[in-house]
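**Q** Below are the sequence and a predicted model; questions follow.
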Amino acid sequence: MTIVESDGIDLARAERKPRRPFRNISAKIASLPMVLTALVVFVGCTVWTVIYSFTDSKLLPRLSWEGLGQYERLWGTRRWLVSLENLAIYGICSMVLILLIGFTLAALLDRKIRFEGAFRTVFLYPFALSFIVTGLAWQWILNPDFGIQASIRAMGWESFVFDPLNSPDLVIFGILIAGIWQGSGLIMVIMLAGLRGIDEDIWKAARVDGIGTVKTYVKVIIPMMRPVFVTALVLIAAGIIKVYDLVVAQTAGGPGISSQMPALYVMDAMFKNQNLAQGFAASTMMLVSVLIVLIPWAYLEFAGKKRG
Amino acid sequence: MNMHAPSVRIRDLDLQFGDVKVLKSLSLDIRQGEFLVLLGSSGCGKSTLLNCIAGLLEVTDGQIFIQDQNVTWKEPSERGIGMVFQSYALYPQMTVEGNLSFGLKNARVPKAEIAARVARAAEILQIEPLLKRKPGALSGGQRQRVAIGRALVRDVDVFLFDEPLSNLDAKLRADLRVELKRLHQQLKNTMIYVTHDQVEAMTLADRIAIMRGGVIMQLGTPDEIYNRPQNRYVADFIGSPSMNFIDGRFDGETFVAGDLAIPMQGYRFSSESARAGQATIGIRPEHVVTGELVERAPVQTTVTVNLVEPTGPDTLVYADLAGGPLRIRMDGHAQVRAGDVLPIGFEPSRASLFDAETEERI
Amino acid sequence: MADTALPTHGPRGPKPKRALSRTNIIVYGTLIVVSLYYLLPLWVMVMTSLKGMPEIRLGNIFAPPVEITFEPWARAWSGACTGINCDGLSRGFGNSVQILLPSLALSVAIASVNGYALANWKFKGSEVFFTILILGAFIPYQVMLYPMVIILRELGLYGNLWGLVLVHTVFGMPILTLLFRNYFAGMPEELFKAARVDGAGFWGIYFRIMLPMSLPIFVVAMILQVTGIWNDFLFGVIFTKPEIYPMTVQLNNIVNSVQGVKEYNVNMAATLLTGLVPLVIYFVSGKLFVRGIAAGAVKG
């Protein structure tokens, strides 16, 4: 079998391929903003903050090492511990509730109902609003003198008490109501997209097998939507750790320090109290908590892809 | 230019994606004006090879020459090729005319020249009435013609086709196949055509290269590929229903499998010294004869029919021979039923004999 | 056939449907009750903003105004005090527009080119940078804020409108790049190959082939950015000076200022005014908004 005919020209092997850094030069130049952002901001700034968290920087950053001193002080500060406790309560409650509400609403909207568009619009519109607007709106509704409490008392129930924003024990739930109001629509949309992505034939098969609607959701649909749930969880978690504006607008951390959050602690340390390194240490702890959420997720995603 | 030199030459081409070797030291010469079909199942590297020739994939090692020029490092547009894609890949926001002239505008061809070339291509492909339309308003066949036209206006020596007909329905595919063949006869360009459809390959090709796992298993005319497959893979790949294989022993003159002995007189051996040993004989279902023809066949035996599959023009009969399944292609009028005992015969000179170990033709 | 044996009575034709089945009552009942929770704040804000202060002190927060007044809106726009000055939200609105437009243009332009390069012109290391970029989206902003302040100060952009524009471009990049990359990667690869055979280069293919085909994703990206930049509070506080504070920061200063008597109606009017831009975009763009956040979120 002749694949190659006799060579009329000299086809001596050319020298090994040299590196060609100017290939696709336009693409490389065009990617420069991305490269700079990734390296300088996301890597550079993060590393910088972590390094300076081991110094005693006050008003200005300086490299005078203090070891773990800032961290010791941080974990000895009541305000930080309250912040973490608040974050944990807010985080766990909003994860559970947002997932529950988001999925339930999506499942209801997926029942081929009338006015689906209208309902969806209503559930999602708060997501278009800023946390500042959300916080201020709920601050007003929860205002004890004019809001829900006052209105119900005016209707005759004189002893009715609903004043979460001024109660140190309940204030975090006051913020939670607002946070869920703002963020559950997004999860509903994601869940709805996930539900719509499920093969119609699954429902037909369940109907032929005589499995009830609720049971089908629990036994068949939810397990199939595992990736969607994981994504939703990661999104909620990433949002929770960043919670800042909402608290600033709604309670400014009060009453006292009872609605403090880590982000507020960091901001106050860095920009108000001229205690930079303390802020750096606290923000490094925020980063660590993100990693605690992110690493198992990345592992799951990666393992899932390998299997899939 | 040397008219006798090959049009496209590929030398020791390697392509690796990570650890996966997609093309392995592949060499191939394609003659001037030849219609060469790269045929293989998916993942065999045929499209990859075509993309390497086009310059759309960077090769790991080796060289590519087009019309005596080393184009290994050249941009696709500098290689003197035109390409037609499976999905047509027409620019949706441009009119047909815009699609045809886009490449020429990029090459700064003068306006008058562009107009002339577009008009000529449109005439050849009979798409003049469509020039002002957008691709979205065209049928599948019309889009395919525009895609060919886009290669045509480039006025190049080599046309590359990447499964251009596989998005069309069966009838249109047959029509366009004929048209492509006519176009090749008219233009006489070198054409390299990738497909997984063996009918397309057999009907269009001057030569077919059958690929598997990044290497060429056989390069030859359709006749050679069909009648004298070089190895068991090619024999199995070409033909539908595929070739029957019977395992046995070849003693240098006779092939023996169980109580079936096939004298190989009249068989054209690949080499003078036909090696004896374990072997496989391949017989195409359409080369098994039945009825009156059996008496004239050099090898005769009987089989019991266990399944009958009428397809209209043909009837496919399944039986067992020498411990293995045997498919027989019979005339559509044949009256056969499962359980019938059927006398059959075949001609050893039309069979193929393979070494059981190397799977190469003996 | 034996169809004489079949009874002629019994169910025939379509099965009768009950409009008020139990399932329907549960489904619609739940949806309506939940809708009230979502609509309540908007209702209360609008009602409050249309009442005078005396009516607010006496009346019910949910009740519609007895006497409608637009005076709170006027005061919120041009007379409310932020603690520094008393010219209302109009200044913040202007600032926000001035911040928004260049940020929007720059971030979308850069991210679309990035996404295009990542989808079609992969080079050695491009995937690494992209991974860093996506992971960067999960880093709390607080970690990067102070070094960013230093960088901007070194560039002479701190406290300046262009500094904030840069910040928005940088922090908007992960999600936008992801959005564009996925969109461009979803376009038929053969189109890109055809354009290369036709001799178009990096920019030629971007402007002549990709851009005209990607209008929807640009709209989605713009919606995402307009909402995000308009609603930003953190960057506005940190990276600008009081004179160029965006609307959200001004709003917070107005409502949460400790001086003077609280004017709840003006506060609610101001809150609504600030929320108006993203709300209008949301209601006008509808499906595209949903598509944008769903695409950005699900694939993120």
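**A** Right, received. Where do you want to start?
**Q** tell me which element the residue of the stretch 101-250 of chain B found nearest chain A falls in.
**A** Residue nearest to chain A within the stretch 101-250 of chain B: B:Leu219 (5.2 Å; Cβ to the nearest Cβ). Heads up, the C-betas are built off the backbone N, CA and C, glycines and all. Taking DSSP states H and E as the criterion, B:Leu219 maps to strand B:215-220.
**Q** Provide the strand pairings for that strand, with the direction of each partner.
**A** Using DSSP bridges, the strands paired with strand B:215-220 are strand B:207-212 (antiparallel).
**Q** Which elements pack onto the helix or strand following the strand holding B:Leu219?
**A** As assigned by DSSP H and E, the chain's next helix or strand after strand B:215-220 is helix B:222-227. If contacts are counted by 3 or more Cβ pairs under 8 Å, 6 or more residues apart in numbering or on different chains; DSSP states H and E, helix B:222-227 sits against helix B:198-204, strand B:207-212.
**Q** Now do the shortest one, average pLDDT.
**A** This points to strand B:207-212. For strand B:207-212, the mean per-residue pLDDT is 94.
**Q** Can I get it in PDB, CA atoms only?
**A** What follows is the C-alpha trace of strand B:207-212 in PDB, where atoms were taken according to Å, rounded to 0.1, in the frame of the first residue of the first chain:
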ATOM      1  CA  ARG B 207      -9.400   6.900  -3.400                       C
ATOM      2  CA  ILE B 208     -10.600   6.200   0.200                       C
ATOM      3  CA  ALA B 209      -8.400   6.400   3.300                       C
ATOM      4  CA  ILE B 210      -9.900   4.300   6.100                       C
ATOM      5  CA  MET B 211      -8.800   5.600   9.400                       C
ATOM      6  CA  ARG B 212      -8.800   4.000  12.900                       C
END
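**Q** Which residues are in contact with residue 61?
**A** Answering for chain A, as no chain was given. By Cβ atoms under 8 Å, 6 or more residues apart in numbering or on different chains, the contact list for A:Pro61 reads A:52, A:55, A:276-277, C:146, C:150.
**Q** Chain C is the one I meant
**A** A:140-141, A:146-148, A:150-151, C:44, C:47-48.
**Q** returning to that earlier point: can you tell me, leaving aside adjacent residues, what's nearest to the residue of the stretch 101-250 of chain B closest to chain A?
**A** B:Ala209 (4.6 Å; Cβ to Cβ, 6 or more residues apart in numbering or on different chains).
**Q** In chain B, mark out all the helices, start to finish.
**A** Ranges of helices in chain B, per DSSP state H, are B:46-54, B:96-106, B:111-125, B:140-152, B:170-187, B:198-204, B:222-227, B:232-237.
**Q** before we move on, back to that, who wins for proximity to B:Leu38 among the helices and strands packed on helix B:222-227?
**A** Proximity to B:Leu38 (Cβ to Cβ) singles out strand B:207-212 among these, at 5.3 Å.
**Q** ok now the closest one, how far from the chain's centre?
**A** 6 Å (Cα atoms, centre = their mean, to the nearest Å).
**Q** so that strand versus helix B:46-54, what angle?
**A** 120 degrees (axes from the mean of the first three to the mean of the last three Cα atoms, to 10 degrees).
**Q** Let me see the residues that make contact with strand B:207-212.
**A** Residues contacting strand B:207-212 (Cβ under 8 Å, 6+ apart): A:3, B:28, B:34-41, B:44-46, B:49, B:201-202, B:216-222, B:225, B:233-234, B:237-238.
**Q** Same check on stretch A:259-267?
**A** In this structure, residues lying in contact with stretch A:259-267 by Cβ under 8 Å, 6+ apart are A:79-80, A:82-84, A:86-87, A:90, A:171-172, A:174-175, A:241-244, A:247-248, A:250-251, A:253, A:279, A:282-283, A:285-286, A:289, C:140, C:142.
**Q** How about stretch B:354-362?
**A** B:228-233, B:235, B:247, B:250, B:269-270, B:274-275, B:277-282, B:352-353.
**Q** can you narrow the residues you listed to ones near chain A?
**A** When the contacts of stretch B:354-362 are checked against chain A using Cβ under 8 Å from any Cβ of the partner chain, the ones in range are B:Gln230.
**Q** Buried subset of the contacts of stretch B:354-362 as a PyMOL selection?
**A** To isolate the buried subset of those in PyMOL, counting by 16 or more other Cβ atoms under 10 Å in any protein chain shown, use the following:
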select buried, chain B and resi 228+229+230+231+232+233+235+250+274+279+280+281+282+352+353
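**Q** Among the contacts of stretch B:354-362, name the ones in strands.
**A** Using DSSP state E, the subset of the contacts of stretch B:354-362 located in strands is B:247, B:250, B:277-282, B:352-353.
**Q** Any stretches of the chain with poor pLDDT?
**A** Assuming you mean chain A. In the predicted model, chain A carries pLDDT under 70 at residues A:1-22, A:303-308.
**Q** The chain in question should be chain B.
**A** B:1-4, B:272-274.
**Q** residues touching the closest residue to C:Ile139 other than its chain neighbours, list them.
**A** In this structure, C:Ile139 finds its nearest non-sequential neighbour in A:Thr46, 5.9 Å apart by Cβ to Cβ, 6+ apart. Counting by Cβ under 8 Å, 6+ apart, A:Thr46 touches A:287, C:139, C:143-144.
**Q** how about the helix or strand where A:Thr46 lies as PDB, C-alpha atoms only?
**A** A:Thr46 is part of helix A:46-52, with elements assigned from DSSP H and E. Extracted C-alpha coordinates of helix A:46-52, given in PDB (Å, rounded to 0.1, in the frame of the first residue of the first chain):
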ATOM      1  CA  THR A  46      -5.700  38.600  49.200                       C
ATOM      2  CA  VAL A  47      -2.100  37.500  49.900                       C
ATOM      3  CA  TRP A  48      -1.200  41.000  51.000                       C
ATOM      4  CA  THR A  49      -4.100  41.100  53.500                       C
ATOM      5  CA  VAL A  50      -3.200  37.700  54.900                       C
ATOM      6  CA  ILE A  51       0.400  38.700  55.300                       C
ATOM      7  CA  TYR A  52      -0.400  42.100  57.000                       C
END
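**Q** Report the buried residues of that helix.
**A** For helix A:46-52, a neighbour-count test (16+ other Cβ under 10 Å) marks A:46, A:48-50, A:52 as buried.
**Q** which two in these are spaced the farthest apart?
**A** Farthest pair in those, by Cβ to Cβ: A:Thr46 and A:Tyr52, 11.2 Å.
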